[in-house]
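**Student:** model this:
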Amino acid sequence: MAKVIGLFNHKGGVSKTTTAFNLGWSLANLNKKVLLVDLDSQCNLTGLILGYAGLSDGLDSFYSSRDNLTLMPIVDRIIDGETPEGILDAEKGRLHQTQNENLFLLPGSLNISSLDSQISIALKIAAGVPATRNLPGALPQLVKSLARDRGFDYVILDMSPNVGGLNEVMLMSSDYFIVPTTPDFFCWQAVSSLTKYIEIWHSDLSAFKAASATPRAVASLSNCPLFLGTIQQRYRIRKREPAKSFEKWITAIRDSVAASLVPCLTRLGCVKNRADVQVALDALGLNLQAYDLAHISDFNSLIAISQNLGRPVFALTDEDLKNAKQFGWALETMKESRTAFSDQFKILGELIISLTS
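**Tutor:** Residues are numbered from 1 along each chain as shown. As a prediction, the model looks like this:
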């Protein structure tokens, strides 16, 4: 059975999409078959992976082709009331294979925002309007069935930065979740408020499950994802350590997770055991405390080359860097950074496998 991991932070700009892509690629490099699901209506993950350069006929042609499986027809069919089984029987298109042979994408769609609003309504009125009861669990069930039928080991959900109904059902129906963060005041504020939303979502879905009369409506709404930890990233380094201004917020976010988020999740049964997380970190020689999964510095100019080529920074070749007109000291610095990121993401992939085994 595929393990579903949600990447969620309701604050935007925390490199959530980049983290989803990088983590998926890292797991794929470790011989895991991985499906990336773009759940953000902005479709940034889809744009990063597909790009216009790789599609000679353009994105409109890609989405209109029945040969390609995307969220566009899936979302339309769910809104029309079709069952996940019926949708998968009707939609036989192929998933998009990335430049990594083990990594695939279920492309996103702008119309997912319509599903988001309808799920929010359905969760509130389902008890009085039975026709809406199957809507909240439809996409979680479809994603899990798709992953099972096509033999995936992992599903990575790239979720939008909001607290709408779609994120509620997708996150709470995941097996695990990770919170990407950046070291600043606004992210600290968001992590602090995440406790409130998780409590509300857990309560809402518990009430929805209790009010639903049909097992099919709640089959995929497990309501108990396990928090694995945070990935702290996008900070500047000085003498191989985070600059002091960033270190302040890294510490503040870590303290907030420990003081409020983890105790709340522990009460709800939605967190990986602290001792197990620490054992996994120690086994890989990481000088980190649970629930810090990784500290990843800013990619700097490597990110522009990565986005242009549709590959993670750690998958860039020497030729890629030379073609980007990097020479001399700048080229050597980029090579060193790429190697460091390669080692870091390999360990992160190994850590995630350990924590989810």
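**Student:** Only C-alpha atoms from now on, for both contacts and neighbour counts.
**Tutor:** Noted.
**Student:** burial count for Cys264?
**Tutor:** Neighbour count of Cys264, defined by other CA atoms under 10 Å: 18.
**Student:** need the longest helix for the chain.
**Tutor:** Ranked by residue count and defined by DSSP state H, the top helix of the chain is helix 328-356.
**Student:** which other helices and strands contact that helix?
**Tutor:** helix 16-29, helix 274-283, strand 292-297, helix 318-323 (3 or more CA pairs under 8 Å, 6 or more residues apart in numbering; DSSP states H and E).
**Student:** try 7 Å this time
**Tutor:** helix 16-29, helix 274-283 (3 or more CA pairs under 7 Å, 6 or more residues apart in numbering; DSSP states H and E).
**Student:** which one of those lies closest to Gln233?
**Tutor:** Checking those against Gln233 by CA to CA gives helix 16-29 as the closest, at 9.3 Å.
**Student:** which element follows the closest one toward the C-terminus?
**Tutor:** For helix 16-29, the following helix or strand on the C-terminal side (DSSP states H and E) is strand 34-38.
**Student:** Can you spell out which helices and strands pack onto that next one?
**Tutor:** Packed next to strand 34-38, using 3+ CA pairs under 7 Å, 6+ apart, are helix 16-29, strand 103-106, strand 154-158.
**Student:** chain center to the second one: distance?
**Tutor:** Pointing back at strand 103-106 there. Relative to its parent chain, strand 103-106 has a centroid offset of 12 Å by CA atoms, centre = their mean, to the nearest Å.
**Student:** same check, this time on the first one
**Tutor:** Averaging C-alpha coordinates over helix 16-29 and over its chain gives two centres that are 9 Å apart (CA atoms, centre = their mean).
**Student:** Could I get the buried residue list for that helix?
**Tutor:** Going by neighbour count (16 or more other CA atoms under 10 Å), the buried part of helix 16-29 is 16-29.
**Student:** that older thread, can you redo the helices and strands packed on helix 328-356 as JSON lines with mean pLDDT and distance to Leu95?
**Tutor:** Shown next, in JSON lines, are those (pLDDT from 0 to 100; distance: least, CA to CA, whole Å):
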{"stretch": "helix 16-29", "mean pLDDT": "96", "distance to Leu95": "15"}
{"stretch": "helix 274-283", "mean pLDDT": "97", "distance to Leu95": "33"}
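**Student:** Save the ones you listed as TSV, and put in distance to Thr70 too.
**Tutor:** Shown next, in TSV, are the helices and strands packed on helix 328-356 (distance: least, CA to CA, whole Å):
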stretch	distance to Thr70
helix 16-29	17
helix 274-283	35
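**Student:** Please tell me how far the closest residue to Thr98 other than its chain neighbours sits from Ala211.
**Tutor:** Excluding the flanking residues, the one nearest Thr98 by CA to CA, 6 or more residues apart in numbering is Phe104, at 5.6 Å. To Ala211, Phe104 is 37 Å away according to CA to CA, to the nearest Å.
**Student:** Looking at these two, which is more packed in?
**Tutor:** Phe104 (24 against 14).
**Student:** can you tell me which residues contact the more buried one?
**Tutor:** Residues in contact with Phe104, defined by CA atoms under 7 Å, 6 or more residues apart in numbering, are Val34, Leu35, Leu36, Leu95, His96, Gln97, Thr98.
**Student:** Please report how far the residue lying farthest from the centre of the chain lies from Ala315.
**Tutor:** For the chain, the residue at maximal distance from the C-alpha centroid (CA atoms, centre = their mean) is Gly328, at 36.6 Å. Between Gly328 and Ala315 the computed distance is 21 Å (CA to CA).
**Student:** Ok, Tyr197 next?
**Tutor:** As judged by CA to CA, Tyr197 and Ala315 stand 36 Å apart.
**Student:** Using PDB, list the CA coordinates for stretch 338-348.
**Tutor:** Only the C-alpha atoms of stretch 338-348 are listed here, as PDB (Å, rounded to 0.1, in the frame of the first residue of the first chain):
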ATOM      1  CA  ARG A 338      25.300  21.000  -5.500                       C
ATOM      2  CA  THR A 339      27.300  18.200  -3.900                       C
ATOM      3  CA  ALA A 340      26.300  19.300  -0.400                       C
ATOM      4  CA  PHE A 341      22.600  19.500  -1.400                       C
ATOM      5  CA  SER A 342      22.900  16.000  -3.000                       C
ATOM      6  CA  ASP A 343      24.200  14.500   0.200                       C
ATOM      7  CA  GLN A 344      21.600  16.400   2.300                       C
ATOM      8  CA  PHE A 345      18.600  15.300   0.200                       C
ATOM      9  CA  LYS A 346      19.800  11.700   0.000                       C
ATOM     10  CA  ILE A 347      19.800  11.600   3.800                       C
ATOM     11  CA  LEU A 348      16.400  13.200   3.900                       C
END
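**Student:** Buried ones in it, by neighbour count?
**Tutor:** Arg338, Phe341, Ser342, Gln344, Phe345, Lys346, Ile347, Leu348.
**Student:** Next, format those as TSV and append pLDDT and distance to Val4.
**Tutor:** Converted to TSV, these look like this (pLDDT from 0 to 100; distance: CA to CA, whole Å):
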residue	pLDDT	distance to Val4
Arg338	91	28
Phe341	91	24
Ser342	93	24
Gln344	92	22
Phe345	94	19
Lys346	97	19
Ile347	96	19
Leu348	97	16
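**Student:** quick one: which of the residues you listed is nearest Pro263?
**Tutor:** Nearest to Pro263 among the buried residues of stretch 338-348 is Leu348, at 24.5 Å by CA to CA.
**Student:** separation between that closest one and Gln118?
**Tutor:** Applying CA to CA, the value for Leu348 to Gln118 is 36 Å.
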